[in-house]
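[1] please work out how this folds:
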Amino acid sequence: MKRLLVCTDGSNYSTEACKYAAWLAMETGASIDALYVTDIRQFQVPAFADLSGSLGVQPYDGLIDQLRQVEKLKADYIKADTLKIFEEKDLGSRATFHYETGLLVDEIDALAKNADLILMGKRGENVNFATEHLGSMLERVLRSVSKPCLVTSRKFKSIDRVAVAYDGAKSSTKALEFIAQNELFKALDLHIISVAESQGEEDEAASRLKEAEKRLNANGVYPACQVLTGEVETAVSDYVTHSKIDLLVAGAYGHSRIRELLIGSTTTDLLRRCHVPVLCFR
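    Take a look at the predicted model:
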């Protein structure tokens, strides 16, 4: 990892994401790009248009100007707060802050092209509302970017124990390759888990694990391997809790949107259930 991209909005979750970025930068020597995007939709609220029809165009324009000024002050505060996190770890010379106006899912593309890893908090500035939901932009970003994305949790904790949920799909194979190529993981307690949803699938799950173990062993990585049984989301989240895992690695959104509409998304469910960072691969 040579370059990290962390998305921030000034919330507690994004502050913790910055702490994870700092930890990774210290472990790998990577540089950091921090990105804050002002959501352009707040300047396009239909109510403002209705209001302008009653009061005339001039008061409406003045209100939008005031909102932009307030947003600029907010961005300045977020910049200072974000860079302070990195400066406290002597990473100031390796950190750059970027400010854009638009939609995060659109503005992230330019910086993501040069990043080896993207970091985002699980929730954003509306964390105190609809507490069971993920951040409004999180799923859209995960679906749009091709780079690995680390979805961070509420409280920073250094990573010692990692679990990889391996199902043999292209995304989880991509995760194995990422782990094999990064020296960081050789120093961590690595677990590879595969889930058999019925007794008849246990041999298949064991075969997948053997394949994954062989791939990692060839690169000097020697994980502990475990076949789990039951519903995927429950089995994985229970393993994360009981084995005191600090980071879960998993493939993301491997099925069609129609299938997920009908039966739900395993990725989304794991992000909600697991109270640890989740490193997602598409």
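[2] how far off centre is the longest helix that the chain contains?
    Counting by DSSP state H, the longest helix found in the chain is helix 57-87. What separates the centre of helix 57-87 from the centre of its chain is 25 Å, taken as CA atoms, centre = their mean, to the nearest Å.
[3] run through the residues that contact residue 200.
    Under the criterion of CB atoms under 8 Å, 6 or more residues apart in numbering, residue 200 has no neighbours. Backbone N, C-alpha and C define where each C-beta goes, glycine included.
[4] doesn't it fall inside a helix?
    Yes - when DSSP: H, G, I helix; E, B strand; the rest coil is applied, residue 200 is found to be in a helix.
[5] what does the pLDDT read for it?
    At residue 200 the predicted local confidence, pLDDT, stands at 84.
[6] cool, the one 4 residues further on as well?
    Predicted confidence (pLDDT) for residue 204: 93.
[7] confidence score at residue 282?
    For residue 282, pLDDT reads 84.
[8] any idea how far it lies from residue 148?
    9 Å (CB to CB, to the nearest Å).
[9] cool, and residue 221?
    For residue 221, the distance to residue 148 - CB to CB - is 17 Å.
[10] again, but for residue 227
    Counting by CB to CB, the gap between residue 227 and residue 148 amounts to 25 Å.
[11] where does the stretch 51-200 of the chain have low pLDDT?
    Applying pLDDT under 70 to the stretch 51-200 of the chain flags the ranges 51-61, 125-136.
[12] just the helices in it please.
    Under the criterion DSSP state H, counting those that start in this stretch, the stretch 51-200 of the chain contains helices at 57-87, 104-112, 138-144, 170-181.
[13] TSV for these, including mean neighbour count?
    Below are these laid out as TSV (neighbours: other CB atoms under 10 Å):
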stretch	mean neighbour count
helix 57-87	14
helix 104-112	18
helix 138-144	18
helix 170-181	17
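[14] how about those in CSV, adding distance to residue 25?
    CSV is the format used below for the helices of the stretch 51-200 of the chain (distance: least, CB to CB, whole Å):
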stretch, distance to residue 25
helix 57-87, 8
helix 104-112, 16
helix 138-144, 21
helix 170-181, 17
